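1. Give me a 3D structure for the following:
(one chain, ligands or ions: 1)
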Amino acid sequence: MSPYAHITGWGMAVPAKVLTNEDLEKMVDTNDEWIQSRTGIRERHIVNDEESTASLAKDAALNALRVANLNPTEVELIIVSTSSPEHIFPATACLVQDQIGASHAGAFDLLAACSGFIYALNMATQAIRSGSVKNALVIGAETLSRFVNWEDRNTCVLFGDGAGAFVLQSGDEPGGVLSAVMRSDGSGANLLTVPAGGSHLPTSSETILHKQHTIHMNGREVFRFATRVMAQATKEVIAAAQLQIEDIQLVIPHQANLRIIEAAMRGLDIPKDQCFINIERYGNTSTASIPIATCEAIQQGRLHSGDNTVFVGFGAGLTWGAALVRWSGPFLPYRHIYPASYRLWVAIRSKLLRMVRRIEGWIWGRNI
Ligand code: ACO
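-> Just a heads-up that it's a prediction; the model follows:
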């Protein structure tokens, strides 16, 4: 029997700085009434100059490890799902690996836009189910505020920054991630895109002048697509786990727009109180929205061990997907994970490794 992939830790991190709808009224031609009635968003968190996707991802990861009572050195796989990575390369996941001291982990980034957390959760689940790893960290982290055109009212009111992380651990008891679906339709790639900065349109003064390195979106088309696929993916994932809609205790959807969520829940005939919504305080944090909402659902006593939960999302690509999870909780008995002492040890370790590389460079005559 293959082992099951249980979620045993969870954590989130959002920047302290809050940008309200009233703040946006001073920046573009918009108003609080329009934003709240069309999207459900009241405020969002935005990074400052010192924060970045990796720093938010690291904080969320350490919080998740603390809940799981797992040391970073016990993690074997780190997947960071993001559309706003620290760099094109190296992967943000490698920076997180170094910063948390996960010295035994393979690390890579995954890009499936707002559906990315579901994709990453499924990839880590498959790695655990195949027996190749026992402990994995799945992180959704975004700083889309760095890619927003703050003069474009169609997009700048929507997005916020943040990160959320799950610890997945192998276990023989049935539970954890029971089924997942991942779908895509690249014919809609142009509907939501950052056109420049990649190999197709490298950054130039021309692309910067025309703001082609910022988010471009056809909101109406994305809206139509989203309302169609959210209900469909939820039904598929429930059927794949051989369950019925009545067996689901909570749906945690991607928080992109309150009206999209409400339409999807109507399509599924699921009452609103069985759906977790926190978009009003965070906006659309893309791939981070599902793990952030999960952390808050647990804090508010809405998600308990044994509950069947559906995560469902959609995003650029186009991509969409869903995962059905029987909620577990921590496996290991309480042990304190000391992030401060880890941080010190990890900084020393990182410096030592750089020093060794420099000495090797001297010895071999190729000092980089
Ligand atoms: N303030 C005031 N008016 C605005 C604003 C604003 N911020 N933005 C647009 N408007 C205006 C438009 O200009 C338009 O005016 P017009 O009729 O004079 O042309 C009017 O409001 C209606 O615009 P619509 O685009 O039809 O508004 P709609 O009800 O569709 O809402 C929205 C727009 C909120 C963007 C919606 O389409 C939406 O949420 N779409 C999905 C977007 C989404 O979820 N994207 C993220 C995907 S996840 C990822 O991968 C990152």
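2. hey, C-alpha coordinates of stretch 149-168 in CSV?
-> Extracted C-alpha coordinates of stretch 149-168, given in CSV (Å, rounded to 0.1, in the frame of the first residue of the first chain):
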residue,chain,number,x,y,z
ASN,A,149,0.7,48.9,-12.9
TRP,A,150,-0.3,51.3,-10.1
GLU,A,151,-1.9,53.5,-12.7
ASP,A,152,-4.3,50.8,-14.1
ARG,A,153,-7.5,50.8,-12.0
ASN,A,154,-8.6,47.5,-13.7
THR,A,155,-5.9,45.5,-12.0
CYS,A,156,-4.3,47.5,-9.2
VAL,A,157,-7.3,47.2,-6.9
LEU,A,158,-7.3,43.4,-7.0
PHE,A,159,-3.9,42.1,-5.8
GLY,A,160,-2.2,41.8,-2.5
ASP,A,161,1.0,40.2,-1.1
GLY,A,162,1.4,37.2,1.2
ALA,A,163,2.6,33.6,1.7
GLY,A,164,1.2,30.4,3.1
ALA,A,165,2.8,27.0,3.6
PHE,A,166,1.9,23.4,4.4
VAL,A,167,4.0,20.6,5.8
LEU,A,168,3.2,17.3,4.2
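3. Buried residues, it. List them.
-> By 16 or more other CB atoms under 10 Å, the buried positions in stretch 149-168 come out as 149, 153, 155-168. Quick note: C-beta positions are derived from backbone N, CA and C, even for glycine.
4. Among these, which are located in strands?
-> With strands identified by DSSP state E, the entries of the buried residues of stretch 149-168 that belong to them are 162, 163, 164, 165, 166, 167, 168.
5. and the residues you listed as a markdown table, adding distance to residue 10 and pLDDT?
-> Formatted as a markdown table, the entries for these read as follows, by distance: CB to CB, whole Å; pLDDT from 0 to 100:
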| residue | distance to residue 10 | pLDDT |
| --- | --- | --- |
| 162 | 14 | 98 |
| 163 | 12 | 98 |
| 164 | 7 | 98 |
| 165 | 7 | 98 |
| 166 | 5 | 98 |
| 167 | 7 | 98 |
| 168 | 11 | 98 |
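6. Any chance of those in a markdown table with distance to residue 31 as columns?
-> Putting those into a markdown table (distance: CB to CB, whole Å) gives the following:
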| residue | distance to residue 31 |
| --- | --- |
| 162 | 25 |
| 163 | 30 |
| 164 | 30 |
| 165 | 35 |
| 166 | 37 |
| 167 | 42 |
| 168 | 43 |
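7. Dump these to JSON lines, plus distance to the ligand.
-> Rendered in JSON lines, the data for those read as follows (distance: CB to the nearest ligand atom, whole Å):
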{"residue": "162", "distance to the ligand": "13"}
{"residue": "163", "distance to the ligand": "15"}
{"residue": "164", "distance to the ligand": "15"}
{"residue": "165", "distance to the ligand": "19"}
{"residue": "166", "distance to the ligand": "20"}
{"residue": "167", "distance to the ligand": "25"}
{"residue": "168", "distance to the ligand": "23"}
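8. what's the offset of the biggest helix by length in the chain from the middle of its chain?
-> Assignment by DSSP state H gives helix 339-364 as the longest helix of the chain. Once both centres are worked out by CA atoms, centre = their mean, to the nearest Å, helix 339-364 turns out to sit 29 Å from its chain's centre.
9. list the helices and strands that helix packs on?
-> helix 53-68, helix 92-100 (3 or more CB pairs under 8 Å, 6 or more residues apart in numbering; DSSP states H and E).
10. Among those helices, which comes closest to residue 235?
-> helix 53-68 (29.5 Å; CB to CB).
11. For this structure, which residues are neighbours of the ligand?
-> Taking CB under 6 Å from any ligand atom as the test, the list of the chain residues beside the ligand reads 30, 34-35, 38-39, 113-114, 153-154, 157, 192, 217, 219-220, 222-223, 226, 256-257, 284, 286, 315-316.
12. what about residue 252, helix or strand, and which?
-> Using DSSP states H and E, the secondary-structure element containing residue 252 is strand 250-253.
13. Give the other helices and strands that that strand contacts.
-> Using 3+ CB pairs under 8 Å, 6+ apart as the contact criterion, the elements in contact with strand 250-253 are helix 258-268, helix 289-299, strand 308-315.
14. Ranking these by mean neighbour count, which comes first?
-> Mean neighbour count, computed with mean count of other CB atoms under 10 Å, is highest for strand 308-315 among the helices and strands packed on strand 250-253, reaching a mean of 26.
15. so what secondary structure elements neighbour the next helix or strand along the chain from it?
-> Sequence order places strand 319-326 as the next helix or strand after strand 308-315, per DSSP H and E. Under the contact definition 3+ CB pairs under 8 Å, 6+ apart, strand 319-326 sits against helix 116-129, strand 176-184, helix 219-240, strand 308-315.
16. Determine how far the second one lies from the middle of the whole chain.
-> So that's strand 176-184. On the basis of CA atoms, centre = their mean, strand 176-184 sits 15 Å off its chain's mean C-alpha point.
17. for the shortest one, same thing?
-> In this view, strand 308-315 has its centroid 12 Å away from the chain centroid, taken as CA atoms, centre = their mean.
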